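Visitor: The following block contains a protein sequence and its predicted model.
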Amino acid sequence: MKFKLGLIWRILIAIALAIGLGMLLPAIHEGFAHRFVRLAATFNMLFGGFLNFIVPLIIVAFIAPSIAKLGAGSGKLLGMSALFAYGSTIIAGLLAFVAATTILPNFIHQSTDTEIAEGAREAGKAFFQVDMDPMMGIMTALLLAFVLGIGMAAIKGKTMLSFFDEFNLIIDKVISVVIIPLLPFHIFGIFLNMTYTGEVVNVLSVFILVFVMIIALHLIMLTFQYTVAGTLNKKNPLRLMKTMLPAYLTAIGTQSSAATIPVTLRQAKKTGASERVTNFAIPLFATIHLSGSTITIVSCSIGVMLMNGFDISFGSYLQFIFMLGVTMIAAPGVPGGAVVAATGLLTTMLGFSDAMVALMIALYLAQDSFGTATNVTGDGALAMIVDRFTKKV
């Protein structure tokens with residue numbers, strides 16, 4: 001039997017190795033340590049450039065065909081499902097914003113964190129630079145995806161949809177075969193730089209704080225979803241959550257909403273939602289409903305911004321949350337795919353640097369399985385809500 005190490009464990013091993021080498025190498029040979037850090041910085045430059053190049057293509061490849069297929073459906077069932085999924089994602093983002101801006105500033109202090117940001121930018125310079133300009137900006141990619149997706153739905157164009165389905169498969173392969181496997185090396189380089197400059201202790205303390213807060217927010221969001229679903233259907237929310245527990249545990253193991261669909265579908269039917277609705281809504285929600293992932297992305301991004309002394313305004317973050325809800329549509333179904341799809345918004349709307357993006361990815365991946373579990377467990381509640389409003393359809 002072939003043993004396969006999960007992504008989370010690879011990330012944790014990369015962080016541990018980076019911290020160990022960052023502390024050990026300077027004590028052995030300062031010159032070698034400096035060159036090694038620069039080598040890691042060179043890899044980070046290449047990987048970061050390629051990631052910036054591929055993100056607009058991810059947006060077009062995943063959002064355009066998803067909108068086209070959504071539009072190919074008809075009736076109240078589709079409209080209600082999409083509306084409640086997007087609404088749940090937005091509520092999750094707002095919940096995370098309120099909690100993160102209330103709690104995190106008490107523990108992450110700007111004066112220290114500004115020094116961290118400056119050190120992270122200076123630690124380790126690449127041996128050379130390679131420009132990898134993206135084909136289009138993030139907003140251009142989003143607009144193009146919407147125009148093409150709505151257009152394909154309107155004309156029922158099978159030729160273009162077939163092209164985008166294959167384009168989708170190509171980009172999905174790039175993510176699963178290139179980007180995701182190389183992410184641990186990218187994070188290794190970032191943590192090596194931070195350890196080399198003595199910043200890593202502060203960063204790890206933030207990791208722990210944000211992780212605990214995110215798990216608590218996931219539970220709060222699930223409680224809210226099932227309280228609404230239980231109230232509408234006159235059922236006990238706690239019993240409904242217990243019914244969906246197998247889906248939650250399965251998602252923790254698979255880290256994939258799509259891979260958990262059979263279990264989610266079986267448990268959603270046990271909550272009392274009709275087979276007509278669950279057979280349609282559960283596979284759809286696995287693609288478009290990412291409330292847990294949204295909580296994680298918003299919380300982690302605020303933590304990283306506070307570490308770097310950024311000002312956080314509700315107005316700018318509200319725009320980010322609304323755009324994030326759109327970008328989460330058909331986020332790649334591989335572990336970490338949601339945060340990869342969101343990196344474009346992080347850089348364009350929040351001003352993230354490559355080092356900040358790497359920290360964001362590390363924070364996100366540390367609890368990706370819990371975010372996915374929250375996504376799929378919430379799908380059961382949304383299926384009940386949709387069923388309640390579409391019984392006569």
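Guide: Everything's here; your move. A quick note: this is a predicted structure, and the numbers were derived from the prediction, not measured. Numbering: from 1, shown residues only.

Visitor: Tell me where the stretch 151-300 of the chain has helices.
Guide: 158-173, 180-196, 200-233, 237-243, 245-254, 261-270, 275-288, 291-307 (DSSP state H, counting those that start in this stretch).

Visitor: Turn those helices into JSON lines, columns for mean neighbour count, mean pLDDT and distance to residue 79.
Guide: Placement of C-beta: from N, CA and C, glycine included. As requested, these are exported to JSON lines (neighbours: other Cβ atoms under 10 Å; pLDDT from 0 to 100; distance: least, Cβ to Cβ, whole Å):
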{"stretch": "helix 158-173", "mean neighbour count": "15", "mean pLDDT": "89", "distance to residue 79": "21"}
{"stretch": "helix 180-196", "mean neighbour count": "23", "mean pLDDT": "82", "distance to residue 79": "34"}
{"stretch": "helix 200-233", "mean neighbour count": "18", "mean pLDDT": "88", "distance to residue 79": "18"}
{"stretch": "helix 237-243", "mean neighbour count": "17", "mean pLDDT": "92", "distance to residue 79": "24"}
{"stretch": "helix 245-254", "mean neighbour count": "19", "mean pLDDT": "83", "distance to residue 79": "25"}
{"stretch": "helix 261-270", "mean neighbour count": "20", "mean pLDDT": "87", "distance to residue 79": "20"}
{"stretch": "helix 275-288", "mean neighbour count": "21", "mean pLDDT": "82", "distance to residue 79": "12"}
{"stretch": "helix 291-307", "mean neighbour count": "28", "mean pLDDT": "90", "distance to residue 79": "19"}
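
Visitor: could I get those as CSV with distance to residue 77?
Guide: Shown next, in CSV, are the helices of the stretch 151-300 of the chain (distance: least, Cβ to Cβ, whole Å):
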stretch, distance to residue 77
helix 158-173, 21
helix 180-196, 34
helix 200-233, 16
helix 237-243, 21
helix 245-254, 21
helix 261-270, 15
helix 275-288, 6
helix 291-307, 20
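
Visitor: which one of those helices lies closest to residue 36?
Guide: Closest to residue 36 of the helices of the stretch 151-300 of the chain is helix 180-196 (Cβ to Cβ; 7.8 Å).

Visitor: gap between that closest one and the chain center?
Guide: 18 Å (Cα atoms, centre = their mean, to the nearest Å).

Visitor: ok, now stretch 55-74?
Guide: Centre to centre, stretch against its chain (Cα atoms, centre = their mean), the figure for stretch 55-74 is 18 Å.

Visitor: could you give me the average pLDDT of that stretch?
Guide: The pLDDT scores in stretch 55-74 average 75.

Visitor: May I see the buried residues of it?
Guide: For stretch 55-74, the neighbour count (16 or more other Cβ atoms under 10 Å) marks 55-71 as buried.

Visitor: Retrieve the pLDDT associated with residue 101.
Guide: 93.

Visitor: Where does it sit, in terms of helix or strand?
Guide: In this assignment (DSSP states H and E), residue 101 forms part of helix 76-103.

Visitor: number of nearby residues for residue 177?
Guide: 11 (other Cβ atoms under 10 Å).

Visitor: What confidence value was assigned to it?
Guide: For residue 177, the model assigns a pLDDT of 87.

Visitor: Now do the helix or strand hosting residue 34 against helix 180-196: the angle between them, please.
Guide: Assigned by DSSP H and E, residue 34 falls within helix 30-72. With axes from the mean of the first three to the mean of the last three Cα atoms, to 10 degrees applied, the angle from helix 30-72 to helix 180-196 works out at 140 degrees.

Visitor: chain center to helix 30-72: distance?
Guide: The answer for helix 30-72 is 14 Å, by Cα atoms, centre = their mean.

Visitor: Which strands or helices does that helix pack on?
Guide: Applying 3 or more Cβ pairs under 8 Å, 6 or more residues apart in numbering; DSSP states H and E, we find helix 30-72 packed against helix 7-28, helix 138-155, helix 158-173, helix 180-196, helix 275-288, helix 314-327, helix 337-349, helix 354-365.

Visitor: in the second one, what's buried?
Guide: Residues of helix 138-155 classed as buried by neighbour count (16+ other Cβ under 10 Å): 138, 141-142, 144-145, 148-149, 152-153.

Visitor: quick one on the thing from earlier: got the angle for the helix holding residue 34 vs helix 158-173?
Guide: 150 degrees.

Visitor: With distance to residue 301 as new columns, can the helices and strands packed on helix 30-72 be given to me in a markdown table?
Guide: Shown next, in a markdown table, are the helices and strands packed on helix 30-72 (distance: least, Cβ to Cβ, whole Å):
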| stretch | distance to residue 301 |
| --- | --- |
| helix 7-28 | 18 |
| helix 138-155 | 15 |
| helix 158-173 | 23 |
| helix 180-196 | 16 |
| helix 275-288 | 21 |
| helix 314-327 | 8 |
| helix 337-349 | 6 |
| helix 354-365 | 6 |
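
Visitor: among those helices, which is nearest residue 378?
Guide: helix 275-288 (8.0 Å).

Visitor: Show residues contacting the closest one.
Guide: Outside helix 275-288, the residues within contact range by Cβ atoms under 8 Å, 6 or more residues apart in numbering are 66, 70, 77-78, 81-82, 85-86, 257-258, 260-261, 264-265, 268-269, 328-330, 333, 375-376, 378-380, 382-383, 386-387, 390.

Visitor: redo that, cut-off 6 Å
Guide: With contact meaning Cβ atoms under 6 Å, 6 or more residues apart in numbering, helix 275-288 is reached by 81, 85, 257-258, 261, 264-265, 268-269, 329-330, 379, 382-383, 386-387.

Visitor: quick one: the closest residue to residue 57 other than its chain neighbours and residue 315, what's the gap?
Guide: Excluding its sequence neighbours, the residue lying closest to residue 57 (Cβ to Cβ, 6 or more residues apart in numbering) is residue 171, at 5.7 Å. Going from residue 171 to residue 315 by Cβ to Cβ, to the nearest Å gives 32 Å.
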